[in-house]
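*Asks:* got a predicted structure plus its sequence, pasted below:
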Amino acid sequence: MELTRAIQERRSIRAFKPDPIPKEKIEEVLKLAHLAPSAINLQPWEFIIVCGEEKERLGRRLMKAYREKQISCSPGNVKPLPKSVAKRGALTLEMMNPFFEEMKVDPNQFINEGSCNFYGAPVAILICLDDSFPKSRLVDIGILLGYFLLVAHEQGLGTCPIGLITAYEEEIKELLNIPENKRVVIGIALGYPDEQSPINRFKSPREELTKMVKWIE
Ligand SMILES: Cc1cc2nc3c(=O)[nH]c(=O)nc-3n(C[C@H](O)[C@H](O)[C@H](O)COP(=O)(O)O)c2cc1C
């Protein structure tokens, strides 16, 4: 598949078939994503692949944590977002509404509980970073994530990055025996897209590019 086409087609998938993914296919995606560049070629990422009954157990634990704590966004905002930026998030949710209506689901519940359960995907991937790395190495994880999403799409798999779960990092680490010095930076739901689900028809909008670009000539 042409890269341009993969970039144009990819979207976050929020409903998956329960079908398991062959291990070799997951390994192929990881192998290609791992070709992502990183500062000084440090390749700071670590992957934890959770599947089968363990994935279900993780989903149940996260759901319990969500019901207890009700945190519905990833932590880390130091001050309120600029209004123009916050508006983009609100617009995206508003545009998702007709799909939620069609599915007869409550939007908040669908997004929050869905994120905790990796939207029913058979595989949950956690990308971790050793806490000895400075914050600036999160850029490398971001690039890796971008590679991962595109490669998975090319291989016929659907993905949704799941930042929400980082609000429950403690619970995840305890359940999966992840050492204290590892940071869980992002989760990814991975599986075969459920093409029958209305939410997977949703294509999120993008801001007019001129609002983001300043040329200095
Ligand atoms: C770092 C990051 C964290 C995200 N966390 C979540 C999440 O917790 N739950 C969710 O449903 N989508 C999550 N998303 C998906 C975004 O909502 C999605 O990428 C955005 O709306 C653009 O839509 P698209 O991926 O379909 O292009 C996340 C995306 C990124 C890049």
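*Replies:* Good, I have the coordinates.

*Asks:* what helix or strand is residue 50 on?
*Replies:* If you go by DSSP states H and E, residue 50 is part of strand 45-51.

*Asks:* next structured bit after that strand?
*Replies:* As assigned by DSSP H and E, the chain's next helix or strand after strand 45-51 is helix 52-69.

*Asks:* list the helices and strands that next one packs on?
*Replies:* helix 107-116, strand 123-130, helix 169-176 (3 or more C-beta pairs under 8 Å, 6 or more residues apart in numbering; DSSP states H and E). Heads up, the C-betas are built off the backbone N, CA and C, glycines and all.

*Asks:* what sits closest to residue 118 if chain neighbours are left out?
*Replies:* residue 189 (3.7 Å; C-beta to C-beta, 6 or more residues apart in numbering).

*Asks:* quick check: longest strand in the chain by residues?
*Replies:* strand 182-191 (DSSP state E).

*Asks:* can that one be said to contact the ligand?
*Replies:* Yes. Remark: strand 182-191 sits within contact range of the ligand at residue 186, by C-beta under 6 Å from any ligand atom.

*Asks:* list the helices and strands that strand packs on?
*Replies:* With contacts taken as 3+ C-beta pairs under 8 Å, 6+ apart, strand 182-191 sits against strand 123-130, helix 138-154, strand 158-162, helix 169-176.

*Asks:* residue 59: neighbour count?
*Replies:* Other residues lying near residue 59 total 21 when counted by other C-beta atoms under 10 Å.

*Asks:* nope, residue 190 is what I meant
*Replies:* Neighbours of residue 190 under the rule other C-beta under 10 Å: 27.

*Asks:* for residue 99, same thing?
*Replies:* Neighbours around residue 99, by other C-beta under 10 Å: 18.

*Asks:* and the angle from the helix or strand where it lies to helix 107-116?
*Replies:* Assignment of secondary structure by DSSP H and E places residue 99 within helix 83-103. For helix 83-103 against helix 107-116, the angle by axes from the mean of the first three to the mean of the last three C-alpha atoms, to 10 degrees is 90 degrees.

*Asks:* buried residues in helix 83-103?
*Replies:* Buried residues in helix 83-103, defined by neighbour count with 16 or more other C-beta atoms under 10 Å: 96, 99-100.

*Asks:* next: stretch 124-134.
*Replies:* For stretch 124-134, burial by neighbour count (16+ other C-beta under 10 Å) applies to 124-129.
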